[in-house]
Each structure stands twice: as C-alpha cells, then as structure tokens.
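Enquirer: Need a 3D model of the following:
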Amino acid sequence: MKLDFIPLDKLCVSKANMRFSKSVPDVSDILPTVRQRGVIQPVIVRPNCAPGAFEIIAGSRRFHAALIVAEERRAMGEADSEIASLPCAILEDGDDADAVEASMIENMARRDADEVTQWESFTRLVKEGRRTDDIAATFGLPELTVRRVLALGNLLPRIRRLYATDEIDRATVRHLTLASKSQQKSWLALLDDEEAYAPVGHQLKAWLTGGQSIGTRHALFDIEASGLSVIADLFGEDSYFADPTAFWAAQDAAIHARREAYLDEGWNDVVIVPPAEHFSTWEHVKASKRHGGRIYVDVRGTGEVTFHEGYLSRKEAERIAKGQASGSGGKVARPEITSTMQTYLDLHRHAAVRAALTGHPAVALRLMVAHAIVGSSLWAIRVEPQTSRNDLVAQSIENASGEADFDHMRRKVLDLLGFDAEEPTVIGGEGEGLGPDTGLVAVFLRLLDLDDAQVMDVIAIVMGESLASGSAAVDAVGLHIGIDMADYWQADEAFFSALRDREILGHLVADVTDPAIASANAGEKAKTLKIIVRDALDGTNGRDKKDRWVPRWMQFPPSAYSQRGGVGTVCAHARVEAAMQGHDAPQPDPGAPGNAVPLPNDREEGIERLAA
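Expert: Sure thing, here's the model as predicted:
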C-alpha cells in the first residue's frame, strides 16, 4: 500500500465494504472529532473503474463525516481545506475477497478504549496543557465524562487494574476516587481477606464518609496535652480516640492554627476542603507563593489531613498566564477580607439562620431531608446493605413482595427529586455532575418545590433505606402500624434450607397441622418433618392447606417456640417492651399524623392508592 490524500469527490463507498449501505451511516459519535481535528486515520481504498477514482474498502463513516464537515465549511464561506481530501491507504487492484478481508480486519479489530486507557491518554493531554473542555470537544464527550475519567488518577494502580479487568464496577470506582491512599489500601486489604467484606457501590460511600474509628496517627495536635481518651489494641500498634466529637474539636482548632500560620508566612490563601469534598491534583497546577499559589487542606472523614502547598486551579493559572502575556501582570490579589473576618461573618450568618429556622419548621424539615439524602461534613447517613453470605437468602429478599413495593415507591421518589430512575438508592444521590455541597442545596431547592405529602413520601423512602435490619426500631414500627407478615411473606426454599433443628421442626409441624400429628412424627428425621410442613403449606399429599401461616419468630409481636433463647427478633421485641415500661401506649390510630394506611389484602389496589 501507498499513502496519499485523495479529494472527496473522487471517492465512493465500495459494495465490498463491511459497512456498505444505501443510507448514510450514523456518524454523530465521530463528527465532533472530525470537526476539530479532521480525519487522522487513513481510510483503505482501491482504484475504481473511473479514471482517477477510488472506492472505500474500510472507512465509510470517516468518509461521510468528512463530507458533512466539508459541506458545513463551504456553507460558512470557508475555502476548501485539507478536509476536502482524505488520507488514504491505497490497495493494489485485486479481487473482492481481498477487499472484504481488509474491511473486516479493520472494522472487527477496532475496540473502544476502556476508561483506564482513556485516563492514560487524557492525562498526557492535560500535562501538555489541554483543558478538559478542549478534550471533551475533541472526542465528542461531555466534559463531566472527561473529568470522571481524569479522577481515576486518584486511584492506586492496582485499583485501576481491577477496574480495567471488570473485577470492580463503575459505582465502586467512582467512590474510590474520593478515598485517600490509606483508605484505598484498607479497602484492598478487605478485598484480599476471604473472611472480610469489602463494601462496594453506595455501601462504599458510607464506609468512606462515616462510621469509622479515628486513629491517633491522624491527630495534628498534642494528644497527651489534649487530655482526650484513647483506646489502644492489645499490642499497642493501633490506637483510636474514644470520643470522635472531641477529636474533631481539637483537630479543627489545629487546622485553623496551621491556616493562620500559612497566611502569616505570606501565602495568598488557605482553602480548607471539607470531608464531603476532595482535592484533585489534576484540576490544579503548581504555583509558587510569589505567583499567587494557595494552600489546600484536604480533610477526610477518617481524621486524615493532607496539606497541598502551592496550587492554583487550572483556570486561574491560565488567566494569570494571559495577564503576563498581555503585560497586565500575573500576581493574584489578596482577598479583600481576612480569614478571621470570614469566620466572623460565617458564624453570625449561621446563628441568624438557625434562629430563623425555629419559626419555619417546614423549611427545616426539607433541609433535614436534603442532609439525610446527600450528607455533609456533619451528617453521615448509611444505607442498610441488606447483605447475606447465603445466596438463597439474598435471592429470597430480592424477590420479596415487600422489596418490590418499596422499589416501586422509591422509583417515584427518585423521579420527584430529578434523580436517575436506575439509581439503587435515594440516599447518596446529589444530582448529576454536582459536588456534595452544591448537590445538598440542589436537593433542598427541589424539596421546597414539593408539597407536604410528596415530602412525606421522600421521608418514608429515606427512612426505609436507612432503617437497620434486626433493630428494635423495626419491631417498634411494625407493632405501631400493625403489620401482618402474611401480606408480605410466604415460605420459600431459603426458609426451609435454614431449618435444621429437629425439635423446632416438630413445633412447626404442630403449628401448621395438629399437635397430635407432630407427636406421631416426633422420631422422624428433619428432612421428613420439612416435607410435612411443605405439604401442609401447599395443601398436597392429603394435607389440609394452612393459609397465611407465618412462623412465630417473624410475626409482630414475635415469640419463640422454646425456652432456649437466641432468637434475635424476640430480643429486639424485649428492648421495645423495656422502652414502653411505665408508658401507657395508645393503640395506633390509622388516621392520625404519622400513621400510614396499611396495605389491604388486595396488594395492587393498596400500592396504587399509596402512589396516588
């Protein structure tokens, strides 16, 4: 083959081309790149019967994109340029089999670059001075997509390899880009430990932002002088603060002291990045103190603090460079107020707003819900993971009618808030492309647009997602509403597989048949007793059908079949009873505020009424 530039009007698509069609192919994905850079990769052609003409064996879409761009430029009055001709690799004039083979090799060998490969390429472009919006325009991608790909630079190389080989999903990687290096190492250690559980997806976000012990190694202050209580392990290798609130009071004081020291040294500004956000080096460039560089203090929810000295955002750096080029000077002006004045303003505004909120409870309620959904540096709400190491149990809960009802209402709430309907949870959402702080405000503003009934629907979903499985709260709510578990459950394979105790199986036989039948089969094996229970529930093998049966452990209130103990639901109910001691609890009134109308037996009708 030889390479040459051939005018567009001398080219046509060959019938031997794998993508040959009488209709124009979709070129929307490559059109932005062709507009920006032209056609870079040569198309494969061979001589045609017409003098000086060629037919395209591989490269039909590049050819049609070039035609569109050439027409656009002519319409704008531009003279024909290099876009009016294409770089071509010219084959020897041969038979159709050679042409088809060349077309198939070129098209079938092509593979879209994975995100890790994109990151390697985009990073090189950023180092060469390209802005994210330039990269987005060149490759026809949303700028948000480019920023997310670049965020992979925050990951340890092994995590990038796991992602490239599809061993971890996109949601997990998205949250790991927010993690510090030490957090990433801790997560990898959990992944490698067969006995441990490494959180993924939205569970990972909760793991990163809250619920962790704060190690003493992260303290910026003198621990002994602070007088804070510390808990150490038996070997003295790791120690933690007993009171996280007291730790943060001391840590914040130390951070602000360091901030004042930096400002006294002449730094232009010191920016504290709260735990709900994170500092990305790829969005900033190094800048000296003399050229307006700032200090960025990256604070993590684990207590870890990193000081990034001498950085400016890329946009600021470009603005300064343009100012120097035009002779207007490049030094960044100092802020018009001091950090002390900023603290003074912030605290007074905060005091005024929270005082005013006491007179606007509806606004406070919506703000509270927004915090529960998005979180903040002071809020960390975690989603109940509903995990089980037993596959049958996990499958059972996924197929439960209660889960289907809840998911139906969750999708309606996701739509109310403007979130993607495919998001697995409402908690943790913040709106596409918004940072945590901006996302919090965006969700709050959406909630202000909703009426009280819609806000109550949102609250029900948020509370349901964060209600701890196995807690006394589950029992208290079930009792108050008056839930009949027969509306939500029936015995399945997971239930029977978890039954192993012959004594308890005998009680279940008595429950679903008759005590005399249970007594007559007392000496049978567990397998036989299970069959009797199944037959009674299904009404097979001559057994009378036992409708709407629920084991005592699962009912509201729950009870046990023996005095042996060890039933979690019964223990949880005991805690509820302890809380109710001395309190004459009234019977639930379905019409009272805070009480939902229970689902009737006709479940579809009930779901429709709740949705309405």
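Enquirer: hmm, who's touching the longest helix anywhere in the chain?
Expert: Once the chain is assigned using DSSP state H, the helix that runs over the most residues is helix 244-264. Here helix 244-264 makes contact (CB atoms under 8 Å, 6 or more residues apart in numbering) with 213-214, 218-221, 226, 228, 241, 269-270, 272, 295, 297, 299, 303, 305, 307, 338-339. All C-beta atoms are positioned from the backbone trio N, CA, C, and that covers glycine.
Enquirer: Just the buried ones from those?
Expert: Neighbour-count burial (16 or more other CB atoms under 10 Å) applied to the contacts of helix 244-264 gives 214, 218-219, 221, 226, 228, 241, 269-270, 272, 295, 297, 299, 303, 305, 339.
Enquirer: returning to what we had before: in strands, which of the contacts of helix 244-264 fall?
Expert: Using DSSP state E, the subset of the contacts of helix 244-264 located in strands is 241, 270, 272, 295, 297, 299, 305, 307.
Enquirer: Closest to residue 145 out of those?
Expert: Taking CB to CB as the measure, residue 145 lies nearest residue 299 of the ones in strands among the contacts of helix 244-264, at 27.9 Å.
Enquirer: thought that closest one was touching residue 274?
Expert: Yes - the criterion here is CB atoms under 8 Å, and residue 299 meets it with residue 274 at 5.9 Å.
Enquirer: shared neighbours of the two, which are they?
Expert: residue 377.
Enquirer: still on that earlier bit, I'd like to check the angle between the longest helix of the chain and strand 294-299, please.
Expert: 170 degrees (axes from the mean of the first three to the mean of the last three CA atoms, to 10 degrees).
Enquirer: I'd like the average pLDDT over helix 244-264.
Expert: On average, the pLDDT along helix 244-264 is 89.
Enquirer: which secondary element of this structure has the worst mean pLDDT?
Expert: helix 603-611 (a mean of 44; mean pLDDT, DSSP states H and E).
Enquirer: can you give me the end-to-end distance of stretch 263-273?
Expert: End-to-end distance for stretch 263-273, by CA to CA, to the nearest Å: 16 Å.
Enquirer: Quick one: distance of it to the chain centre.
Expert: The chain centre lies 33 Å from the centre of stretch 263-273; the measure is CA atoms, centre = their mean, to the nearest Å.
Enquirer: Tell me the buried residues in that stretch?
Expert: Residues of stretch 263-273 classed as buried by neighbour count (16+ other CB under 10 Å): 263, 267, 268, 269, 270, 272, 273.
Enquirer: Quickly note the distance from the fourth one to residue 262.
Expert: It refers to residue 269. According to CB to CB, to the nearest Å, residue 269 stands 9 Å off from residue 262.
Enquirer: Look up the residues that both of these two are in contact with.
Expert: What both residue 269 and residue 262 touch, as defined by CB under 8 Å, 6+ apart, is the set residue 295.
Enquirer: can you put the buried residues of stretch 263-273 in CSV and add distance to residue 564?
Expert: Formatted as CSV, the buried residues of stretch 263-273 follow (distance: CB to CB, whole Å):
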residue, distance to residue 564
263, 67
267, 67
268, 70
269, 66
270, 62
272, 56
273, 54
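Enquirer: So among those, where is pLDDT lowest?
Expert: residue 268 (80).
Enquirer: Leaving out sequence neighbours, find the closest residue to that residue.
Expert: Excluding the flanking residues, the one nearest residue 268 by CB to CB, 6 or more residues apart in numbering is residue 292, at 4.9 Å.
Enquirer: Quick one: residues contacting residue 507.
Expert: 518, 561, 562.
Enquirer: Tell me the secondary structure of it, please.
Expert: Of the three states, residue 507 takes helix under DSSP: H, G, I helix; E, B strand; the rest coil.
Enquirer: How much space separates it from residue 497?
Expert: 18 Å.
Enquirer: Could you look up the SS state of residue 86?
Expert: strand.
Enquirer: bridging residues for it?
Expert: Note on residue 86: beta-bridge partners by DSSP bridges are residue 6.
Enquirer: list the contacts for residue 61?
Expert: Applying CB under 8 Å, 6+ apart, we find residue 61 in contact with 19, 25, 26, 27, 30.
Enquirer: Could I get the CA-only coordinates of the helix or strand hosting it as PDB?
Expert: In the assignment (DSSP states H and E), residue 61 maps to helix 60-75. Output in PDB follows, covering the C-alpha atoms of helix 60-75 (Å, rounded to 0.1, in the frame of the first residue of the first chain):
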ATOM      1  CA  SER A  60     -17.200   4.600   5.300                       C
ATOM      2  CA  ARG A  61     -18.100   6.500   8.500                       C
ATOM      3  CA  ARG A  62     -15.000   8.700   8.300                       C
ATOM      4  CA  PHE A  63     -15.800   9.500   4.700                       C
ATOM      5  CA  HIS A  64     -19.400  10.500   5.400                       C
ATOM      6  CA  ALA A  65     -18.300  12.600   8.500                       C
ATOM      7  CA  ALA A  66     -15.700  14.400   6.300                       C
ATOM      8  CA  LEU A  67     -18.500  15.100   3.700                       C
ATOM      9  CA  ILE A  68     -20.700  16.700   6.400                       C
ATOM     10  CA  VAL A  69     -17.800  18.900   7.700                       C
ATOM     11  CA  ALA A  70     -16.700  19.900   4.200                       C
ATOM     12  CA  GLU A  71     -20.300  21.000   3.400                       C
ATOM     13  CA  GLU A  72     -20.600  22.900   6.700                       C
ATOM     14  CA  ARG A  73     -17.400  24.800   6.000                       C
ATOM     15  CA  ARG A  74     -18.500  25.700   2.400                       C
ATOM     16  CA  ALA A  75     -21.800  27.000   3.800                       C
END
